[in-house]
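Undergrad: I'll drop the sequence and a predicted model, then ask my questions.
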Amino acid sequence: RLTGQLILVFEDEAGLALADLLLRQPVGTSCAWGDLERSAAQETANIVGCGYANAVAAHLPGGSGSVVPGPPVFRHEFAASLLE
């Protein structure tokens, strides 16, 4: 069984700018992590995580391995606290 965690980390400014781009609004519009901004960040994590999981699965012995990622979780904390 293969387990692990993938952590996608952004500084607030960069993460909110990404949310603005995904929400098709001018960069700088979002100034706090509301429901839409969090959803955009989680969708980004979902896409990146699934891409990574598929790449890992393709290299498992036998070629028939599968890696099933769980749903993304949004955390707004200091980086050091996430690693604890």
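TA: Everything's here; your move.
Undergrad: Which positions within the helix or strand hosting D20 qualify as buried?
TA: D20 belongs to helix 12-22 when assigned by DSSP states H and E. Residues G15, L16, A17, L18, A19, D20 are the ones in helix 12-22 that count as buried (16 or more other CB atoms under 10 Å). C-betas here are computed from N, CA, C, even on glycine.
Undergrad: before we move on, what about stretch 48-68?
TA: Under the neighbour-count criterion of 16+ other CB under 10 Å, stretch 48-68 has G49, A53, V56, V67 buried.
Undergrad: quick one: low-confidence ranges for this protein?
TA: 1, 62-65, 79, 82-84 (pLDDT under 70).
Undergrad: hmm, back to that, the helix holding D20 - contacts with which helices or strands?
TA: Packing partners of helix 12-22 (3 or more CB pairs under 8 Å, 6 or more residues apart in numbering; DSSP states H and E): helix 35-58.
Undergrad: which residues are in contact with the helix it packs on?
TA: 2, 6, 8, 10, 15-16, 18-19, 22-23, 30, 33, 65-69, 71-74 (CB atoms under 8 Å, 6 or more residues apart in numbering).
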